[in-house]
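Novice: here is a sequence with its predicted model. Questions after.
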Protein chains: 2
Amino acid sequence: MASAAGREQNRDKNIKINLENKELWQKFHAIGTEMIITKSGRRMFPTFKCSLEGLDPHAKYILLMDLVPLDDCRYKYHNSEWVVTGKAEPHMPGRLYIHPDSPASGSHWMKQPVSFHKLKLTNNNLDQNGHIILNSMHKYQPRIHVVQANDIFTMRWNSFNTYAFEETHFIAVTAYQNEQITQLKIDHNPFAKGFRDNGMGRSRVDVLHCRDHRLHMKRPSISMDPSDKTSHDLSGTAPTSK
Amino acid sequence: MASAAGREQNRDKNIKINLENKELWQKFHAIGTEMIITKSGRRMFPTFKCSLEGLDPHAKYILLMDLVPLDDCRYKYHNSEWVVTGKAEPHMPGRLYIHPDSPASGSHWMKQPVSFHKLKLTNNNLDQNGHIILNSMHKYQPRIHVVQANDIFTMRWNSFNTYAFEETHFIAVTAYQNEQITQLKIDHNPFAKGFRDNGMGRSRVDVLHCRDHRLHMKRPSISMDPSDKTSHDLSGTAPTSK
DNA sequence: GTGATTGGCACCTAGGTGGAAACG
DNA sequence: GACGTTTCCACCTAGGTGCCAATC
């Protein structure tokens, strides 16, 4: 059941919302979730996924997500711990991410879990791509809004049904601070598979140790050209580690 | 302007439609366009792209595409020519491909060309993926429908505005018959770049001539294992062509 | 035997990862 | 200096190509 933040008044008492990948979120939450933000925009991991019940199957709904500051502090990772370093930077006007299926019928939203994997976070205050703008080293709480409306223009603010799951809050960073968070991301995000230690000692780190620092490993093309130096580059000795 | 098929009565005389990539379509049309159909579904190339004018910017429209049999014949490619071999197979009930932006406002559809690149063709009569089912070796004419409606359920058949561009018709095939069509696809479809002759004599065909027929060219991984046989496989002599 | 179809594959496009070094 | 940010890159996922051999 939804561990929804209590301060939101839910207009439609019939709607039930459930965080799908709660276990994964809780693994991160127990350590202190961090989300990378970049100029060009970065996805969240874990992805926010939820299932819905109690919508009117024939009515139309728009689903949105936003990120609200969790407190008024700026943080810093010091001695393996997050500590407050001062007052928060001014929060940019909070953008709304509209789920791309919107608008859709209640039956559409209920027939399978809804994923917000395409949502992207940025630290670029001038972003033109519609990504959600955050301040680095600040805490944020994701919220989902379920709004019965035929289109964006007829949405009424007083018809928002807003939910938040406490275990999804995070600190925005430009580089991971806590190594345990990095490792959880590598272990569970399929796009980071290249950084997994595969157990046979052939980890990416081993490869990097064998690289000259200026060696650019292009995929070797099939070459009959004797001047092709691809294989020579691979035989280089390991550089002295700095 | 639209060389629309004459037999469709257009309810809304204000709507103007233009085939965007007409030159490319005409290159194929001059030779005899073929489209591959597969069990899992294959995209069309060229992609059907059009620009629209004369819609009500504030009204909602649904855009659809379907493929209708061009005649009642089954064809065969014989002596570098398409010839009729008999009567057509029964046509499956024609599925409609709904453009994924639907429903959207007139201004949305008009602000940039509309692409149907995600439409897929299949020869699987039992297809469950919503792809358009065609018979191989039959001729088809793509048609686009512009329908003012708020959603799929309130669409009225008498409000369809249907257009067809003669140069987009094609023969469905399971393997290309005309070599010139294959070459045009390779030259213009970015996903087929691997088959282009890059001008330096290093074409994919050269590589294939150097392959033993059972050689599976994995991307060489960085291997310190002396038993790795990747490079040996490449030194095989050219097989006698069958 | 002939002709059409299928499945596997190398080779692409397109784009999401964290690492490392450079930058501020 | 210390620390936060940026950029580039190898390495992935995901999936669209025509070719080829096998199959029907």
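Specialist: Received it, and whenever you're ready, just let me know what you need. Predicted model only: the values in this text are computed from it and were never measured.

Novice: from here on, contacts and neighbour counts on C-alpha atoms
Specialist: Will do.

Novice: so how far is residue A:128 from the residue nearest the centre of chain A?
Specialist: Taking C-alpha atoms, centre = their mean as the criterion, residue A:44 is the residue nearest the geometric centre of chain A, at 0.7 Å. From residue A:44 across to residue A:128, the span is 19 Å (C-alpha to C-alpha, to the nearest Å).

Novice: beta-bridge partners for the closest residue to residue A:110 other than its chain neighbours, please?
Specialist: Spatial nearest neighbour of residue A:110, excluding adjacent residues (C-alpha to C-alpha, 6 or more residues apart in numbering or on different chains): residue A:52 at 5.2 Å. Beta-bridge partners of residue A:52, counted by DSSP bridges, are residue A:17.

Novice: from residue A:158, how far off is residue A:52?
Specialist: 20 Å.

Novice: these two: which is more packed in?
Specialist: The residue with more neighbours, out of residue A:52 and residue A:158, is residue A:52; 20 against 8, by other C-alpha atoms under 10 Å in any protein chain shown.

Novice: in contact with that one, which residues?
Specialist: Going by C-alpha atoms under 8 Å, 6 or more residues apart in numbering or on different chains, residue A:52 touches A:15-18, A:109-110, A:113.

Novice: also residue A:84?
Specialist: With C-alpha under 8 Å, 6+ apart, residue A:84 has these contacts: A:73-76.

Novice: and the buried ones among the residues you listed, selectable in ChimeraX?
Specialist: Burial among the contacts of residue A:84 is assessed by 16 or more other C-alpha atoms under 10 Å in any protein chain shown; the matching ChimeraX selection reads:
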select /A:73,74,75,76
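
Novice: list the ones among the contacts of residue A:84 that fall in strands.
Specialist: A:73-76 (DSSP state E).

Novice: just to check, residue A:43 is in contact with residue A:117?
Specialist: Yes. In this structure residue A:43 lies within contact range of residue A:117 using C-alpha atoms under 8 Å: 6.8 Å.

Novice: which one's more surrounded, the two?
Specialist: residue A:43 (18 against 14).

Novice: confidence score at that one?
Specialist: For residue A:43, the pLDDT comes out at 98.

Novice: tell me the contacts of it?
Specialist: Listed by C-alpha under 8 Å, 6+ apart, the contact partners of residue A:43 are A:117-121.

Novice: what distance do you get for it to residue A:119?
Specialist: With distances taken as C-alpha to C-alpha, residue A:43 is found 6 Å from residue A:119.

Novice: could you do residue A:189 as well?
Specialist: 16 Å.

Novice: so for those two, which sits in the more crowded spot?
Specialist: Ranked by neighbour count (other C-alpha under 10 Å), residue A:189 and residue A:119 place residue A:119 first, with 22 against 13.

Novice: list the buried residues for stretch A:56-73?
Specialist: Buried, per 16+ other C-alpha under 10 Å, within stretch A:56-73: A:57, A:60-69, A:73.

Novice: break chain A down into its structural domains.
Specialist: A:16-194, A:200-242 (automatic domain parsing).

Novice: looking at those, which is nearest to residue B:48?
Specialist: Judged by C-alpha to C-alpha, the one of those that comes nearest to residue B:48 is domain A:16-194, at 22.9 Å.

Novice: what strands line up against whichever helix or strand residue A:162 is part of, and which way round?
Specialist: Counting by DSSP states H and E, the element that carries residue A:162 is strand A:160-164. According to DSSP bridges, strand A:160-164 forms sheet pairs with strand A:139-148 (antiparallel).

Novice: how far out from the middle of the chain is the strand it pairs with?
Specialist: 14 Å (C-alpha atoms, centre = their mean, to the nearest Å).

Novice: do that strand and DNA strand D meet?
Specialist: No. Strand A:139-148 is not in contact with DNA strand D by C-alpha under 7 Å from any atom of the strand; minimum separation 12.7 Å.

Novice: in strands only, show me the buried residues of stretch A:56-73.
Specialist: Reading strands off those with DSSP E, I get A:60-69, A:73.

Novice: still on that earlier bit, hmm, whichever helix or strand comes after the strand holding residue A:162 touching DNA strand C?
Specialist: On the C-terminal side of strand A:160-164, the nearest following helix or strand under DSSP H and E is strand A:170-173. No. For strand A:170-173, no contact with DNA strand C is found by C-alpha under 7 Å from any atom of the strand; the gap never falls below 10.6 Å.

Novice: quick one: is strand A:170-173 near DNA strand D?
Specialist: Yes. Contact between strand A:170-173 and DNA strand D, assessed by C-alpha under 7 Å from any atom of the strand, occurs at residue A:173.

Novice: now for that strand, which elements pack on it?
Specialist: strand A:34-36, strand A:139-148 (3 or more C-alpha pairs under 8 Å, 6 or more residues apart in numbering or on different chains; DSSP states H and E).

Novice: tell me the most buried of those?
Specialist: Compared across the helices and strands packed on strand A:170-173, strand A:34-36 shows the largest average neighbour count, a mean of 23 (mean count of other C-alpha atoms under 10 Å in any protein chain shown).

Novice: okay, helices next: where are they in chain A?
Specialist: Secondary structure of chain A (DSSP state H): helices at A:22-31, A:106-110, A:179-188, A:204-209, A:230-234.

Novice: rank the ones you listed by pLDDT, which is bottom?
Specialist: helix A:230-234 (a mean of 28).

Novice: just give the nearest non-adjacent residue to residue A:175, would you?
Specialist: Closest to residue A:175 by C-alpha to C-alpha, 6+ apart is residue A:36, at 6.3 Å.

Novice: for residue A:144, that is, sorry about that
Specialist: residue A:65 (4.5 Å).

Novice: could you report the pLDDT at that neighbour?
Specialist: On pLDDT, residue A:65 comes in at 97.
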